[in-house]
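[1] Have a look at this fold, sequence not included:
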C-alpha cells in the first residue's frame, strides 16, 4: 500500500547540509498497522511527511497503492493525497470557530466531485464512527482532549481515505484518553484502514502489527508483533 524505495532526504541551507533520511526502503502492506519509533531527530516525522506526500524526497521513489507519484504536478498530487491519505497529528489542528461537523467537512471542500449533501453525509458517518454523534454541534473548546483527537480522526477518514498517518496521536492526552483514541485506531485498522503511527510509547507500539525503528535517519530494525510469535529482523 505504501512503498518507499531508496529514499533520501537532505535539507540544505547556504552553509549546512543535514541528512534526515538515508537509504530507506519500506513496504507497508494493505491493512497493516505499523509503528515508527526512534529518538528525537532520527527522521520519523520526515518519513511520515514523505509517505503522506506532504514532502518530496531528495532521491528515491514513493508508490501509493501501486501508483508512482513521480512526475505528478502539484494539483494532481494534492488530489491524489486527499483521496488516499488522512493525517492525524499530536496537536489536533481544529478550527476553534467551527463546530465538530464543520471541522470534519472542511477538507472535503477542496475535493472535486463531492456535493454539499454528500460531504455532509460523509462527515456525519465519520463522526458517528468515532463515537461523537452526540457532539456534532459542539465547538473544540467544549470538548475534552480525547474528543478533539476523535474529531481529528473523523476529519482524516471522512473522505473515505484508505491510509491513515498518525504522528504521536496520543502525545497530548492522558492515559485514559490515549487508550480511547488507540481503540478507535485499532477499530479502523480492523475495518481495513492501513495505519502508520509515529510514537515514543513502547507499550502502544507493541500493540501494533509491526515496529520500524530508526536511528540517525536510517531504519535499523523491524520487529513483527504477534500474539503467537515475535520475530526480530536486523535490516
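    Received the coordinates, thanks. From a predicted model like this one, the values you see are computed outputs, not experimental measurements. Numbering: from 1, shown residues only.
[2] Run the chain-centre distance for the longest helix anywhere in the chain.
    In terms of residue count, the longest helix belonging to the chain (DSSP state H) is helix 175-190. Distance of helix 175-190 from its chain centroid, counting by C-alpha atoms, centre = their mean, to the nearest Å, is 14 Å.
[3] now the helix or strand just after that helix against helix 175-190, angle please.
    Sequence-wise, the next helix or strand downstream of helix 175-190 (DSSP states H and E) is strand 194-198. Computed by axes from the mean of the first three to the mean of the last three C-alpha atoms, to 10 degrees, the angle separating strand 194-198 from helix 175-190 equals 150 degrees.
[4] Strand 194-198 packs against which elements?
    strand 33-37, helix 44-51, strand 163-167, helix 175-190 (3 or more C-beta pairs under 8 Å, 6 or more residues apart in numbering; DSSP states H and E). Bear in mind the C-beta positions are built from the backbone N, C-alpha and C, glycine included.
[5] try 6 Å this time
    Using 3 or more C-beta pairs under 6 Å, 6 or more residues apart in numbering; DSSP states H and E, the elements in contact with strand 194-198 are strand 33-37, strand 163-167.
[6] quick one: strands adjacent to that strand?
    strand 33-37 (parallel), strand 163-167 (parallel) (DSSP bridges).
[7] how much does the first one deviate in direction from helix 44-51?
    Between strand 33-37 and helix 44-51, the angle formed by their directions is 140 degrees, by the same axes, to 10 degrees.
[8] what's in contact with strand 33-37?
    28, 44, 189, 195-199, 205, 208-213 (C-beta atoms under 6 Å, 6 or more residues apart in numbering).
[9] Could you identify the most distant pair in these?
    Across the contacts of strand 33-37, the longest distance by C-beta to C-beta is 20.2 Å; it joins 189 and 213.
[10] and the residue nearest in space to the middle of the chain, what are its bridge partners?
    Nearest to the geometric centre of the chain sits residue 165, at 0.9 Å (C-alpha atoms, centre = their mean). Here residue 165 sits in beta bridges with residue 87, residue 196, as judged by DSSP bridges.
[11] the strands in the protein, which residues?
    For the chain, applying DSSP state E gives strands covering 2-12, 17-28, 33-37, 59-64, 67-68, 85-89, 163-167, 194-198, 210-215, 218-224, 231-234.
[12] Tell me which of these lies nearest to residue 138.
    Proximity to residue 138, assessed across the strands of the chain by C-beta to C-beta, is greatest for strand 85-89 (19.3 Å).
[13] for this protein, which spans come out with low pLDDT?
    Applying pLDDT under 70 to the chain flags residues 226-235.
[14] Now the strands paired with strand 194-198 in CSV, please, with extra columns for distance to residue 127.
    Below are those laid out as CSV (distance: least, C-beta to C-beta, whole Å):
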stretch, distance to residue 127
strand 33-37, 22
strand 163-167, 16
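[15] of all those strands, which lies closest to residue 53?
    Comparing the strands paired with strand 194-198 by C-beta to C-beta, strand 163-167 comes nearest, at 9.8 Å.
[16] Can you give the contact residues for that closest one?
    So strand 163-167 is contacted by 45, 48, 52, 84-89, 156, 193-198 (C-beta under 6 Å, 6+ apart).
[17] Report the outermost residue of this structure with respect to its centre.
    Max distance from the centre of the chain (C-alpha atoms, centre = their mean): residue 15, 32.7 Å.
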